[in-house]
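Participant: No letters, just coordinates:
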């Protein structure tokens with residue numbers, strides 16, 4: 001069945017023609033350096049009556065000419081505005097992976113004040129207070145080096161002398177934004193926290209620290225590393241939107 005793609009500012013909506021109404025909506029906030037292309041194949045796995053929305057950060061893919069977000073408010077406002085323009089009335093699951101987790105958290109809070117009700121799922125990320133070090137340029141660079149080393153060794157990224165500088169610039173841009181997001185107060189939301197049980201970037205103990213920030217949050221460990229969901233994406237998506 002044909003996939004329909006519509007762009008609403010920084011939001012890409014991927015849907016299928018169906019004779020019935022949309023049953024559910026899945027909103028994805030990608031990891032640092034990530035974009036629509038990394039997650040768009042989820043459309044092939046999801047049922048026809050589920051719409052997929054992927055937030056496209058500035059400076060990559062079809063948004064290459066768009067200037068990057070320079071602060072948390074700009075990122076939250078742009079994502080919230082474009083999701084309000086594109087979402088329908090069906091129940092929503094908001095999924096933020098790695099860097100995208102904190103942006104997803106604050107956009108979910110902003111959407112709550114409008115007509116939208118959603119379940120919020122944060123994936124493979126430290127609690128905000130453990131990310132304040134990213135306000136320091138040297139620490140952003142150190143984490144960037146760790147991400148690149150892990151991504152290349154795991155096969156998540158294949159870089160050469162031409163692509164490495166561009167990808168590094170995008171990831172560094174996203175990490176600086178993550179540092180800004182970490183300074184914001186954590187909104188009062190019911191959260192699911194997911195992560196891999198052998199993630200070299202976010203340990204199990206780091207995930208469980210969320211319990212001290214958001215009492216009552218649901219923490220779930222899954223087999224795998226930082227991109228644990230790639231092991232069996234069909235099974236993961238069924239669990240995510242259940």
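Facilitator: Structure's in. What do you need? Computed from a predicted model, the values in this text were never measured in an experiment. Numbering: from 1, shown residues only.
Participant: show me where the chain has helices.
Facilitator: Per DSSP state H, the chain has helices spanning 36-39, 42-45, 72-86, 99-112, 137-154, 163-182, 204-208, 210-213, 233-240. These are given in chain order.
Participant: which one of these lies closest to residue 93?
Facilitator: Proximity to residue 93, assessed across these by CB to CB, is greatest for helix 233-240 (6.3 Å). Placement of C-beta: from N, CA and C, glycine included.
Participant: So residue 80 sits against residue 109, correct?
Facilitator: No - in this structure, residue 80 is not within contact of residue 109 by CB atoms under 8 Å, at 9.3 Å.
Participant: List the buried residues in the lowest-mean-pLDDT helix or strand in the chain.
Facilitator: When the helices and strands of the chain are scored by mean pLDDT, DSSP states H and E, helix 137-154 comes last with a mean of 88. Counting neighbours by 16 or more other CB atoms under 10 Å, one finds that the buried residues in helix 137-154 are 140, 143-144, 147-148, 150-151.
Participant: Give me the contacts around it.
Facilitator: Contact partners of helix 137-154, identified using CB atoms under 8 Å, 6 or more residues apart in numbering, comprise 32-33, 133-134, 156-159, 164, 167-168, 171-172, 175-176, 179, 200-201, 225-227.
Participant: next one: stretch 81-92
Facilitator: Counting contacts by CB under 8 Å, 6+ apart, the residues outside stretch 81-92 that touch it are 6, 8-11, 13, 21-27, 51, 53, 55, 107, 111, 114-119.
Participant: How far does stretch 43-53 stretch from one end to the other?
Facilitator: The distance separating the two terminal residues of stretch 43-53, taken as CA to CA, to the nearest Å, comes to 9 Å.
Participant: Could I get the average pLDDT for that stretch?
Facilitator: Average pLDDT, stretch 43-53: 95.
Participant: before we move on, what about stretch 214-224?
Facilitator: Stretch 214-224 comes out at a mean pLDDT of 96.
Participant: Give the buried residues for that stretch.
Facilitator: Buried positions in stretch 214-224, judged by neighbour count with 16+ other CB under 10 Å: 214, 217, 219, 221-222, 224.
Participant: same thing with stretch 76-91?
Facilitator: Neighbour-count burial for stretch 76-91, with 16+ other CB under 10 Å as criterion, is recorded at 76, 78-83, 86-87.
Participant: Adding pLDDT, write these out as TSV.
Facilitator: Written out in TSV, the entries for these read as follows (pLDDT from 0 to 100):
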residue	pLDDT
76	97
78	96
79	97
80	96
81	96
82	96
83	96
86	95
87	95
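Participant: Residue 146 and residue 139, how far apart?
Facilitator: For residue 146, the distance to residue 139 (CB to CB, to the nearest Å) stands at 11 Å.
Participant: hang on, residue 29 packs against residue 97?
Facilitator: Yes - in this structure, residue 29 sits in contact with residue 97. The criterion is CB under 8 Å, and the distance is 6.9 Å.
Participant: Identify the contacts common to the two.
Facilitator: Shared contacts of residue 29 and residue 97, defined by CB under 8 Å, 6+ apart, are not found at any residue.
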